[in-house]
Structure formats: structure tokens, C-alpha cells
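In: Starting from these lines, generate the structure:
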Amino acid sequence: MSEVAVHFWTASDGVELAFHETGRGRPAILLHGLFSDANMNWIRFGHAARIAADGLRVIMPDLRAHGLSGKPHEPEHYPKGILARDVRELVAHLELAEFDLGGFSLGARTTVEAVGEGLKPRRAVLGGAGLEGLRNWKRRKTFFLEAIDLFDKVDRGDPHWLSIQFMKSQKIDRVAAALLLDSFEDAFMDWLQAFTMPTLVVCGSEDDDNGSAEELANALPNAVFREIPGTHMSSVTKPQLGEEIARFLES
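Out: Got it, this is the predicted structure:
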């Protein structure tokens, strides 16, 4: 596996954020999902190495309140749209002129917002995302806020149990996570019209957590849909995720 370097930079509000980097070539920024981090989504199961092997510089931020990035407990550090703002600032910090951009789940939603608000990647990747999920992020965020409130109060079989176990395994800072969740809003559907660049929508065959990924691909101006094995949780462990992204970005 290619060596992965960790770098730190400071966002405009003074919060120190981390990104992981491997490979050389055209930059490809990949954003992880909620309660995860760059290591869990992109590095651990070999996706970053597979993509870097095709001559790409893979840049994987830890979103604020996740991984090695800052987890402030002050509400002023979580305005609406903060994750997309962080991505735009990272692109400026790294002085990237041409780059690809994508993400999984929350990372996909953040990609939609960043592109919808003006970021112009060469190619885009939306993983583990469906049209209904983008329309109803407020419903999703309410579910996860409930999971944080019920953190030590539910048993196996409760709808929140699996999410809580994942939060525990990732050692999530619940105060920071709740503040970040509060900053989420439903995606504006007109953001999708900004995806004039070639876009890959990739999703697990058993993943309907965020609605239909195929429906999302059909709603985009220039997208292809690819199905890989797995559920929302397990599809990120499958080599097909990295294979599909690498194949798409190298073309």
C-alpha cells in the first residue's frame, strides 16, 4: 500500500483540520461519511491505494468533528454549510486548479453542496447517496441526534442501536457531532443542475438508506450509475468501491 501522509491546516474560523494524502498526479479529493473518517472510508480497505495506483494524488480530509480534525464545542464553529465551506477553503489552501471531488454518504451530500455553490471539479463522485436522502437530510439528522441522546439507553434491536455502536467504535465526540448535525439542512434540488461535469453515482446493491441512487443518477445532467455489493455500512469495505471510482477517474 502507498504511504499515507497526514497534514494539518487552519480553517478561516481558526479550527485546525486534518487531511490525509497518498499518491502523485491529478488531485482527487474524497470526503468520508458521518461518524467515520478518512482512514475508515478510504484508507483501511484499500480504496485510496487503488485510486493512487492509477496516477492520482488522493486527498482525504477528516471533516470537522471527525477523525484527527478539530472538534470544537462552541456553536459558532458550526454555521449552515460549514463542511462545504471547509472543502472550498481546502481547495484554496492547496492551490488546486484542476481536481476531482467525491464522497460517500455525508461526503456525497457535502460534494453536492460544494458543487451547487460553485466549486467546479473536473469529475465528481457520489457514493452511498440517493435522491430522497438529499431531499430529506433533516429527517436523517433528527435520527442521528436521537441516537446521540439515547447513547447509553438502548438495547440491541432498537433502530438506533447500530448507529450508536458505530459511534462508540469511532470514539465520536458527541457534543461536536450534535453541533455539526444541527448545521445540516435539506439539499437544494437546483444544486444538482450544477453537475454538468461527468459524475459517478455508486451505491451498494442493498443500500437504500438514502433512497434510490439510480434515481439520483437519472436526475443529474451527466451521470452514470454503478452498483457494487453491500449495504450502506458494508459497501465501503468492498474492493469494488475503489475499483469503480478509480476506473471512472482515470478515464
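In: wait, what's in contact with Lys238?
Out: Shown in contact with Lys238 (Cβ atoms under 8 Å, 6 or more residues apart in numbering): 45, 204, 228-230. C-beta here means a position set from N, CA and C on the backbone, and glycine is covered the same way.
In: Please pick the buried ones from these.
Out: 45, 204, 228, 230 (16 or more other Cβ atoms under 10 Å).
In: right, and the second one touches Ala129 too?
Out: The one in question is Gly204. No - between Gly204 and Ala129 there is no contact under Cβ atoms under 8 Å: 11.2 Å.
In: Excluding chain neighbours, give the residue nearest to Leu17 in space.
Out: Ser69 (4.4 Å; Cβ to Cβ, 6 or more residues apart in numbering).
In: Might one say that the one you found is in contact with Asp62?
Out: Yes - at 4.2 Å, Ser69 and Asp62 qualify as touching, with contact defined as Cβ under 8 Å.
In: which residues are common contacts for those two?
Out: Common contact partners of Ser69 and Asp62 (Cβ under 8 Å, 6+ apart): 17-18.
In: now the helices for the stretch 151-251 of the chain?
Out: Assigned by DSSP state H, counting those that start in this stretch, the stretch 151-251 of the chain shows helices spanning 161-169, 174-182, 213-219, 239-250.
In: Out of those helices, which gets nearest to Asp86?
Out: Closest approach to Asp86 among these is made by helix 174-182 (10.9 Å; Cβ to Cβ).
In: Can I get that closest one in PDB? Just the C-alpha atoms.
Out: Extracted C-alpha coordinates of helix 174-182, given in PDB (Å, rounded to 0.1, in the frame of the first residue of the first chain):
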ATOM      1  CA  ARG A 174     -21.000  13.600  20.900                       C
ATOM      2  CA  VAL A 175     -21.000  17.300  21.700                       C
ATOM      3  CA  ALA A 176     -19.200  18.200  18.500                       C
ATOM      4  CA  ALA A 177     -21.200  15.700  16.400                       C
ATOM      5  CA  ALA A 178     -24.500  17.100  17.700                       C
ATOM      6  CA  LEU A 179     -23.500  20.700  16.800                       C
ATOM      7  CA  LEU A 180     -22.400  19.600  13.400                       C
ATOM      8  CA  LEU A 181     -25.700  17.700  12.800                       C
ATOM      9  CA  ASP A 182     -27.600  20.800  13.800                       C
END
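In: Next, the angle helix 161-169 makes with that helix.
Out: 130 degrees (axes from the mean of the first three to the mean of the last three Cα atoms, to 10 degrees).
In: who touches helix 174-182?
Out: 35, 64-65, 71-73, 75, 77-78, 82-83, 141, 144-145, 148, 151, 167.
In: out of the residues you listed, which are buried?
Out: 35, 64-65, 71-72, 77-78, 82-83, 141, 144, 148, 167.
In: and which of those is nearest Gly107?
Out: Looking across these and measuring by Cβ to Cβ, the closest to Gly107 is Leu83, at 8.8 Å.
In: Then that closest one would be within a strand, right?
Out: No - using DSSP: H, G, I helix; E, B strand; the rest coil, the assignment for Leu83 is helix, not a strand.
In: Endpoint to endpoint, stretch 197-209 covers what distance?
Out: End-to-end span of stretch 197-209 (Cα to Cα, to the nearest Å): 26 Å.
In: cool, and stretch 36-50?
Out: Stretch 36-50: ends 20 Å apart by Cα to Cα.
In: what is the mean pLDDT for stretch 189-202?
Out: Regarding stretch 189-202, the rounded mean pLDDT is 96.
In: List the buried residues of that stretch.
Out: Neighbour count says stretch 189-202 has 191-192, 194-195, 197-202 buried, by 16+ other Cβ under 10 Å.
In: In JSON lines: the residues you listed, plus distance to Leu179.
Out: Shown next, in JSON lines, are the buried residues of stretch 189-202 (distance: Cβ to Cβ, whole Å):
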{"residue": "Trp191", "distance to Leu179": "23"}
{"residue": "Leu192", "distance to Leu179": "27"}
{"residue": "Ala194", "distance to Leu179": "28"}
{"residue": "Phe195", "distance to Leu179": "29"}
{"residue": "Met197", "distance to Leu179": "32"}
{"residue": "Pro198", "distance to Leu179": "35"}
{"residue": "Thr199", "distance to Leu179": "30"}
{"residue": "Leu200", "distance to Leu179": "31"}
{"residue": "Val201", "distance to Leu179": "30"}
{"residue": "Val202", "distance to Leu179": "30"}
